[in-house]
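>>> Below are the sequence and a predicted model for it; my questions follow.
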Number of protein chains: 2
Amino acid sequence: MTQSSGDFTAMFRDLSQRHGLACTHQRQVIYQALVTAKDHPTPEAIYESVRARIPSISLGTVYKNIKTFLEAGMLNEVSLHHGSLRLDARLEPHHHLVCRVCRNIVDLDEPDVAPASYTGRLPRGFRLERQNVEFIGICASCAKQQSSLTT
Amino acid sequence: MTQSSGDFTAMFRDLSQRHGLACTHQRQVIYQALVTAKDHPTPEAIYESVRARIPSISLGTVYKNIKTFLEAGMLNEVSLHHGSLRLDARLEPHHHLVCRVCRNIVDLDEPDVAPASYTGRLPRGFRLERQNVEFIGICASCAKQQSSLTT
DNA sequence: CATTACACGATAATTATTATCGTTTGTCAA
DNA sequence: TTGACAAACGATAATAATTATCGTGTAATG
């Protein structure tokens, strides 16, 4: 146990250094909660889990560090469209092209998309109905802005 | 003008009847704002747009009717995962299987998924980086609950 | 081991969404 | 038509999710 938790500590120290982040106890425990979660937890769920090990931690700290991890690329969000509901009145099946920076969405017509396929096994009793494909990248105007930041 | 708006009114009256919804002026204007929106608007954006035609409308009415349209299947949400942020610490590319009712997420390994492909033209300057595929359906336990409701 | 910038915890503020409630309006049948 | 009733409306309060602020504490660096 000392062994494996020691390994994780060393790994996380190294990971933090590579991303230019201070290696704090809170961060380590939050990160461990994230990587060991089997489901796709919410910040609130991480907060609950971390509280078992650091009862005094603040919810704000959990949010702040999750954001830090996201910006550092140590973590992903399941959807680019949480936060505010976005609506789509086109009922015909179609797909989306999304800019990962400004999160603007462009419709792609169904006939231009060859669907993905899954060859593995589905969970028992799951009835598959459709699929959503999101093509993700960076749009022209966001790319221009980002390159001007690095010069 | 009288012609086309009359067409829409008649169409919407019919649509409402088919879904068992009262055909109110507010609903018609909200629905028209939704179908004519080129982007994928938020409830707030719809509210702003509708206010130009019905200055006295309440934001709550817009939310309520959007929810009504969603439940009736007259409208879709862009993502099943808005509302609360959901996190994913798996950095390797992989895809998701989602139950449209309980919105639980199961990871699908990348090797089991043959990706989609897009044969159309991308917007000028858009740099495509990756794709997210969401396989959507209904899980065993939600299917059981729904069938027990109809019996 | 002292300095300093960054992180922490507490808490207030903001944003997004839902609920409540009294009034108004669409629907349906007489 | 019109009158009854259920459903929808507008105003507003309440809740949920997230972000900002600020004084104190601690990791990194030399």
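Noted; the coordinates are in hand.
>>> If we go by neighbour counts, what in the longest strand seen in chain A is buried?
Ranked by residue count and defined by DSSP state E, the top strand of chain A is strand A:127-138. Buried residues in strand A:127-138, defined by neighbour count with 16 or more other Cβ atoms under 10 Å in any protein chain shown: A:Q131, A:N132, A:V133, A:E134, A:F135, A:G137, A:I138. C-beta: built from backbone N, CA, C; applies to glycine.
>>> CA-only coordinates of stretch A:124-143 in PDB, if you can.
Included here for stretch A:124-143 are C-alpha records, laid out as PDB according to Å, rounded to 0.1, in the frame of the first residue of the first chain:
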ATOM      1  CA  ARG A 124     -26.700  -6.800 -21.800                       C
ATOM      2  CA  GLY A 125     -30.100  -5.500 -22.900                       C
ATOM      3  CA  PHE A 126     -28.900  -2.300 -24.300                       C
ATOM      4  CA  ARG A 127     -30.900  -1.300 -27.400                       C
ATOM      5  CA  LEU A 128     -28.900   0.800 -29.800                       C
ATOM      6  CA  GLU A 129     -30.900   3.400 -31.600                       C
ATOM      7  CA  ARG A 130     -28.700   5.900 -33.300                       C
ATOM      8  CA  GLN A 131     -25.300   7.600 -33.200                       C
ATOM      9  CA  ASN A 132     -24.100  11.200 -33.000                       C
ATOM     10  CA  VAL A 133     -20.800  12.000 -34.700                       C
ATOM     11  CA  GLU A 134     -19.000  15.200 -33.700                       C
ATOM     12  CA  PHE A 135     -16.100  16.200 -35.900                       C
ATOM     13  CA  ILE A 136     -13.900  18.400 -33.700                       C
ATOM     14  CA  GLY A 137     -11.100  20.800 -34.600                       C
ATOM     15  CA  ILE A 138     -10.400  24.500 -34.700                       C
ATOM     16  CA  CYS A 139     -12.100  27.000 -36.900                       C
ATOM     17  CA  ALA A 140     -10.200  29.600 -39.000                       C
ATOM     18  CA  SER A 141     -10.800  32.600 -36.800                       C
ATOM     19  CA  CYS A 142      -9.900  30.800 -33.500                       C
ATOM     20  CA  ALA A 143      -6.700  29.400 -35.200                       C
END
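>>> when you scan that stretch, is anything in it near chain B?
Yes: when contact is scored as Cβ under 8 Å from any Cβ of the partner chain, part of stretch A:124-143 falls within range of chain B: A:124-141, A:143.
>>> Now do the buried residues in the helix or strand bottoming out on mean pLDDT in chain A.
Of all helical and strand segments in chain A, the minimum by mean pLDDT, DSSP states H and E falls on helix A:140-150, at a mean of 78. By neighbour count on 16+ other Cβ under 10 Å, the buried set for helix A:140-150 is A:C142, A:A143.
>>> List the buried residues for the helix or strand encompassing A:N65?
Element membership for A:N65 (DSSP states H and E) is helix A:59-72. Under the neighbour-count criterion of 16+ other Cβ under 10 Å, helix A:59-72 has A:T61, A:V62, A:N65, A:I66, A:T68, A:F69 buried.
>>> do you know how far the closest residue to the third one other than its chain neighbours is from chain B?
So the one you mean is A:N65. Across the structure, with Cβ to Cβ, 6 or more residues apart in numbering or on different chains as the measure, the residue nearest A:N65 apart from its sequence neighbours is A:I30 (5.1 Å). Computed as Cβ to the nearest Cβ, to the nearest Å, the A:I30 to chain B distance reads 10 Å.
>>> From the contact counts, what lies against the host helix or strand of A:I30?
Taking DSSP H and E as the definition, one finds A:I30 inside helix A:25-36. Secondary structure elements in contact with helix A:25-36, counted by 3 or more Cβ pairs under 8 Å, 6 or more residues apart in numbering or on different chains; DSSP states H and E, are helix A:2-18, helix A:43-51, helix A:59-72.
>>> got the CA positions of that helix in CSV?
Included here for helix A:25-36 are C-alpha records, laid out as CSV according to Å, rounded to 0.1, in the frame of the first residue of the first chain:
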residue,chain,number,x,y,z
HIS,A,25,-1.8,17.4,-1.6
GLN,A,26,-5.3,18.6,-2.6
ARG,A,27,-4.4,18.4,-6.3
GLN,A,28,-3.0,14.9,-5.9
VAL,A,29,-6.1,13.6,-4.2
ILE,A,30,-8.5,15.3,-6.7
TYR,A,31,-6.5,13.9,-9.6
GLN,A,32,-6.5,10.4,-8.1
ALA,A,33,-10.3,10.6,-7.6
LEU,A,34,-10.7,11.5,-11.2
VAL,A,35,-8.5,8.7,-12.7
THR,A,36,-10.0,6.0,-10.5
